[in-house]
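Novice: Everything below, folded, please.
(chains A and B)
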Amino acid sequence: MTVLIVVAMCSTILLTTGRATGAESQVLRSITSAGSRTVVVRANEGSGLDSTVVQRVERLGGVSWVGAFGDSTDVSNTALHGGSNVSERALVTDSLGPIGVPRVAPSLRRASIAVASPDAAHNLGLVDGVGRVEAADQHRFTVVRTVVLPRYLHFLEPVVLAPVSAQSKPAIEVSALVAVARSPRLVAPLAAAIRSVLGVSDLTQVAVSTSETIARIHRIVKNQLGAFNAALLIIVVASSATLVAVVLFGLVLLRRRHFGRRRALGATRSLIVGLQLAQTLELALVGVVIGSAVALCALAVTRSPLPPPSFVVASSVLATVAALVGSIVPAIAASRRDPLKELRVP
Amino acid sequence: MIEAVDLEFAYPRSPVTIAGFTGHFDAGELVAVTGPSGCGKSTLLYLLGLMLTPRAGSLWVDGERVDQESDSTRAHRRARQFGFVFQDAALDTTRSVLDNITETALYRGQSPRQLNSSARRLMEQFGVELRASAKPGEVSGGQAQRVALCRALISNPRILLADEPTGNLDPSSTAVVLDGLRRHASSGATVIVVTHDASVVRACDRSVML
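Specialist: Numbering: from 1, shown residues only, chains lettered A, B, ... in the order given. Reported below is the predicted structural model:
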């Protein structure tokens, strides 16, 4: 019976709160990917913002990605005379992962590899998204790949990006800086910190914008869904613990003679409580394994959002603890059976 | 040796059941406690077995006063120094006969498996060795009581208390149980038997009338 209750408790937690947590994660991921963690700095021409800012921002805590963008230059496809021009910018960064750029040139002068956004590739008429483009100053770039830019870089579209190392010398003037915070709650402090390391003498020449509103929505959604999940979890766990207590108490009453005998034969109260709790723990662990497996299979079959692994582990621990808590009162009741009352034959 | 001095006991909201009992039970003695129904024989046995706390008087085991000891200390003493045989055997119906016999090892901090060979010797001695793996519900009343006696004797207790151990038994099982009690007393233990049965009283060294 205890196993069944724990199975039901675990399944219910995972199928309700777990599912809601999975959905919450999806919603939050969606909000986060829309740019709730970005800080964008736009600089006027001649503001003095240069590529060395990337290294300074990299050193700040809470930054997951930073890149600076040089001034825009028009490039066109060398294979098409009279084709469309597309904006080309130097991308100064040491972290290429989020952009999907193959490698970084050590300096702007030697930059020859570039990537194009899908719109840029289309406008340039690049077959298969690759080809050669030429700037007005006849500097040529080989576009080696088309990359779908993350949402926080969509404001640059359509663009050809020529990656350059943040350590490149001499430093180049940049017109935009994008930093991505590790979490939405870090956006505001990160924006303040970035403002202090921009290295420009006239701050009126730069505009710092953040996704603070989206970050706030992120926090509100997280808090509200979190509160709902917590309330649901408390109800499920409390009901299950109560049910475990009632069932075990019933079993203790049914087996009161057994506990009276144990007391008569020399079992201390603490030993009886310990044995009861150990037995409940054993049954709860079996129930947790079965319940989690059943619930996760059910979620997978119905293609419902799966809770994160940490949630599954936490709910398993919680279910086990709830069963143990529920068994404390029955265990104490078992340890207090009176041998004389239980064993004496009238 | 166990000694009671002016022992008094009453259940809550009930008249006094044991009033000023004084007596001693020596090592090597097989003593019968007799008296009419309701006179407090079983209550006295449970008092002597440290399962009840007297309202007044004192109780001594091997020269140590035990009536004021904590519940935990008395439980440990029961596990280590006492053996009990109840009227209806009081076996755990969910476990095998062998497990029932070795159960008390757990209360002495031992592993029940350590007592398996001793349990099998006792089972042979009392003729229940073939029922080792049977559940108590599958053995007769006489066999169940012999199993209960094996359980009481497995720790070789200095004091053995038996409450109507032959109350439901046929003559041959009664003889086996009485022989077991007698042999244990002869080994130097104190054995106290509550009984109505005149033949059991006759088999004892002496009797105490309540």
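Novice: Tell me, how many residues neighbour the residue in chain B that chain A sits nearest to?
Specialist: Proximity to chain A, evaluated over chain B using C-beta to the nearest C-beta, is greatest for B:A79 at 2.5 Å. C-beta here means a position set from N, CA and C on the backbone, and glycine is covered the same way. B:A79 is flanked by 22 other residues according to other C-beta atoms under 10 Å in any protein chain shown.
Novice: Where does it fall, secondary structure wise?
Specialist: Taking DSSP states H and E as the criterion, B:A79 maps to helix B:71-81.
Novice: mind listing what the residue of the stretch 101-250 of chain A at minimum distance from chain B touches?
Specialist: Nearest residue of the stretch 101-250 of chain A to chain B, counting by C-beta to the nearest C-beta: A:L248, 15.9 Å away. A:L248 makes contact with A:T2, A:Q276, A:T280, A:G326, A:S327, A:P330, A:A331, according to C-beta atoms under 8 Å, 6 or more residues apart in numbering or on different chains.
Novice: now, which of those residues sits nearest chain B?
Specialist: Each of the contacts of A:L248 was scored against chain B by C-beta to the nearest C-beta, and A:Q276 proved nearest at 13.4 Å.
Novice: what's the following helix or strand after the strand or helix carrying the closest one?
Specialist: For A:Q276, the host element (DSSP H and E) is helix A:269-301. Downstream of helix A:269-301, the first helix or strand assigned by DSSP H and E is helix A:309-335.
Novice: Figure out how far stretch B:71-87 is from the centre of its chain.
Specialist: 9 Å (C-alpha atoms, centre = their mean, to the nearest Å).
Novice: Which residues belonging to the helix holding A:Q276 are considered buried?
Specialist: Counting neighbours by 16 or more other C-beta atoms under 10 Å in any protein chain shown, one finds that the buried residues in helix A:269-301 are A:269, A:271-273, A:275-277, A:280, A:283-285, A:287-288, A:290-292, A:294-296, A:299.
Novice: before we move on, the earlier item: can I get the helix holding B:A79 as CSV, trimmed to CA atoms?
Specialist: Taking C-alpha atoms only, helix B:71-81 is exported to CSV below (Å, rounded to 0.1, in the frame of the first residue of the first chain):
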residue,chain,number,x,y,z
ASP,B,71,11.9,2.2,29.6
SER,B,72,14.8,1.8,27.3
THR,B,73,17.0,0.2,30.0
ARG,B,74,14.2,-2.2,30.9
ALA,B,75,13.8,-3.1,27.3
HIS,B,76,17.5,-3.9,27.0
ARG,B,77,17.3,-5.9,30.2
ARG,B,78,14.3,-7.9,28.8
ALA,B,79,16.2,-8.6,25.6
ARG,B,80,19.3,-9.8,27.4
GLN,B,81,18.2,-11.4,30.7
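Novice: Against which helices or strands is that helix packed?
Specialist: When contacts are defined as 3 or more C-beta pairs under 8 Å, 6 or more residues apart in numbering or on different chains; DSSP states H and E, helix B:71-81 sits against helix A:269-301, helix B:104-107.
Novice: now with 10 Å?
Specialist: With contacts defined as 3 or more C-beta pairs under 10 Å, 6 or more residues apart in numbering or on different chains; DSSP states H and E, the packing partners of helix B:71-81 are helix A:256-264, helix A:269-301, helix B:104-107, strand B:159-163.
Novice: what's the following helix or strand after that helix?
Specialist: Next along the chain after helix B:71-81, taking DSSP H and E as the criterion, comes strand B:82-85.
Novice: list the helices and strands the helix or strand following that following strand packs on?
Specialist: Downstream of strand B:82-85, the next assigned helix or strand under DSSP H and E is helix B:97-102. Contacts defined by 3+ C-beta pairs under 10 Å, 6+ apart place helix B:97-102 against helix B:116-125, helix B:141-153.
Novice: and the longest helix for chain B?
Specialist: Longest helix of chain B, by residue count under DSSP state H: helix B:171-186.
Novice: How about it, which residues are buried there?
Specialist: Using 16+ other C-beta under 10 Å as the test for burial, helix B:171-186 gives B:S173, B:T174, B:V176, B:V177, B:L178, B:G180, B:L181, B:H184, B:A185.
Novice: near chain B, which residues of the stretch 151-300 of chain A?
Specialist: Contact residues (C-beta under 10 Å from any C-beta of the partner chain) of the stretch 151-300 of chain A with chain B: A:255, A:257-258, A:260-272, A:275.
Novice: just checking, B:D71 touches A:P339?
Specialist: No: B:D71 lies out of contact with A:P339 (C-beta atoms under 10 Å); the separation is 11.6 Å.
Novice: Those two - which one has more neighbours?
Specialist: The residue with more neighbours, out of B:D71 and A:P339, is A:P339; 23 against 15, by other C-beta under 10 Å.
Novice: The closest residue to the more buried one other than its chain neighbours: neighbouring residues, count only.
Specialist: Closest residue to A:P339 apart from its sequence neighbours, by C-beta to C-beta, 6 or more residues apart in numbering or on different chains: A:A264 at 3.7 Å. Applying other C-beta under 10 Å, we find 25 residues neighbouring A:A264.
Novice: if I look at A:A264, how far off is B:G180?
Specialist: A:A264 is 19 Å from B:G180, where distance means C-beta to C-beta, to the nearest Å.
Novice: ok, which stretches of the stretch 151-300 of chain A are strands?
Specialist: Here the stretch 151-300 of chain A has its strands, by DSSP state E, counting those that start in this stretch, at A:159-164, A:174-181, A:206-210.
Novice: Just the CA atoms of the first one, as CSV, please.
Specialist: Output in CSV follows, covering the C-alpha atoms of strand A:159-164 (Å, rounded to 0.1, in the frame of the first residue of the first chain):
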residue,chain,number,x,y,z
VAL,A,159,24.8,41.6,-42.9
VAL,A,160,28.1,40.0,-43.8
LEU,A,161,30.2,39.5,-40.8
ALA,A,162,34.0,39.4,-40.9
PRO,A,163,35.2,38.0,-37.5
VAL,A,164,38.2,39.6,-36.0
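Novice: pLDDT averaged over that strand, what's the number?
Specialist: On average, the pLDDT along strand A:159-164 is 89.
Novice: Give me the helices and strands touching that strand, please.
Specialist: Strand A:159-164 packs on strand A:63-70, strand A:73-77, strand A:86-92, strand A:113-116, helix A:118-124, strand A:131-135, strand A:140-146, going by 3+ C-beta pairs under 10 Å, 6+ apart.
Novice: how deep is the residue in the stretch 151-300 of chain A that chain B sits nearest to tucked in, by neighbour count?
Specialist: Going by C-beta to the nearest C-beta, chain B is nearest to A:G266 of the stretch 151-300 of chain A, at 2.5 Å. For A:G266, the count of nearby residues is 26 (other C-beta under 10 Å).
Novice: mind checking pLDDT for it?
Specialist: We note a pLDDT of 91 for A:G266 in this prediction.
Novice: now the residue lying closest to it once chain neighbours are set aside: how far from A:L265?
Specialist: Leaving aside its chain neighbours, A:G266 sits nearest to B:A79 (2.5 Å; criterion: C-beta to C-beta, 6+ apart). Noted for B:A79: a distance of 7 Å to A:L265, by C-beta to C-beta.
Novice: Now list whatever residues contact both of the two.
Specialist: Residues touching both B:A79 and A:L265 (C-beta atoms under 10 Å, 6 or more residues apart in numbering or on different chains): B:T104, B:L106, B:Y107, B:R108, B:S155.
Novice: Name the member of those residues with the most neighbours.
Specialist: Ranking these using other C-beta under 10 Å puts B:T104 first, with 26 neighbours.
Novice: Does that one touch B:R78 like I think?
Specialist: Yes: B:T104 lies in contact with B:R78 (C-beta under 10 Å); the separation is 9.3 Å.
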